[in-house]
Structure formats: structure tokens, C-alpha cells
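J.: here is my input; please provide its structure:
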Amino acid sequence: MRSGQLARLAGVSTDTLRHYERLGLLPAPIRFPANYRNYPPAAVGRVELIQRAIKVGFSLTELKTILKERDAGGQPCRQVRRLLTTKIRDMELQIRELVSMRAELARISKDWDRRLARTTKGEPARLLENLPVHTPVSGRRKHLRNRGA
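T.: Residues are numbered from 1 along each chain as shown. This is a model prediction of the structure:
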């Protein structure tokens, strides 16, 4: 089947198919004359598998390694399970960081409400200038903040 048909059946764009092919996630299809790609019917299942794995948090790099081993006749099941365990642990850490951040933001919000109540109309409250210096932030936010974002 051609790229457009595969894309429609799998619910992705043709650009996504080409990207997966470049990364080695999708085996290179046979080429028709005029350079059209001809994918086997099994490609639909492969693209759907990739999409489902992405939705639960697997990266394209991880999938490339897993699928390469699988395509070579290997059985990467235990590796996949370890990756999932790591993802769960990482998510639990993110949740703890987000809960901590939410608590800190609630504290800041109450402080700002007090400041605004003491500020007369037309006078600046300087809320941002009064942010705490050491606010707990997630690793991603720390990274962005350190880059000046």
C-alpha cells in the first residue's frame, strides 16, 4: 500500500511515516517506479504499535532499540518491562515535585492576596519582585529557568 493509504489507516501523517522510516522504526518499503513507497500490510500494525507505545511514554529512541532487537529475532520483553518500571518511578517523582510546587504556589497566592489587600488602588504591589528566591521546581522547570526562559 502507498504512504497515503497507510497514513490514513494508521491515523498519522505521511511525514510521520517518513520520519519513522528515517529513524529505523519502520522498515524501508519497496519502491514503485516513480519512487512511490509500497508498504506491506503489516506496516499498519507496526505504526499503531509505535503510536500506542508513544502514548504511554516510550521515546522514539527507546522504540528504535526495542524494535531493532525484535526485528533481529530477539525478545526485548524484559528490557521493555524495566523501561516501564523506570517510567513509573520517574512519574512518581514528577508527581511529588508537582504536589510540592502546587503547595508553594498556594502559599505564594495567599501572600500575594495579603500584599494586594495592603496595596492602595493605583499603587504597584510588586508581586513578581517578592517571589521567594528558593522555590521548589521540577527538574524541567529548573533547566528552563537556568537557560533564561
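J.: tell me what the lengthiest helix in the chain is packed against?
T.: In the chain, assigned by DSSP state H, the helix with the most residues is helix 77-118. For helix 77-118, the elements it packs on are helix 60-71, judged by 3 or more CB pairs under 8 Å, 6 or more residues apart in numbering; DSSP states H and E. In short, each C-beta sits where N, CA and C put it, glycine included.
J.: in the helix it packs on, what's buried?
T.: Within helix 60-71, the residues that count as buried by 16 or more other CB atoms under 10 Å are 62, 63, 66, 67.
J.: quick check, nearest of those to residue 104?
T.: The closest of the buried residues of helix 60-71 to residue 104 turns out to be residue 62 (CB to CB; 32.4 Å).
J.: who touches the closest one in this structure?
T.: Applying CB atoms under 8 Å, 6 or more residues apart in numbering to residue 62 gives the contacts residue 83.
J.: now do the one 5 residues further on
T.: With contact set as CB under 8 Å, 6+ apart, residue 67 has these partners: 24, 25, 46, 50.
J.: let's have these in a markdown table, adding pLDDT.
T.: A markdown table is the format used below for the contacts of residue 67 (pLDDT from 0 to 100):
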| residue | pLDDT |
| --- | --- |
| 24 | 93 |
| 25 | 96 |
| 46 | 97 |
| 50 | 98 |
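J.: any chance of the buried residues of helix 60-71 in a markdown table, plus pLDDT and distance to residue 55?
T.: Below are the buried residues of helix 60-71 laid out as a markdown table (pLDDT from 0 to 100; distance: CB to CB, whole Å):
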| residue | pLDDT | distance to residue 55 |
| --- | --- | --- |
| 62 | 97 | 13 |
| 63 | 97 | 12 |
| 66 | 97 | 15 |
| 67 | 96 | 16 |
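J.: ok, those vs residue 129, which is closest?
T.: Checking these against residue 129 by CB to CB gives residue 62 as the nearest, at 43.2 Å.
J.: distance of that closest one relative to residue 82?
T.: 11 Å (CB to CB, to the nearest Å).
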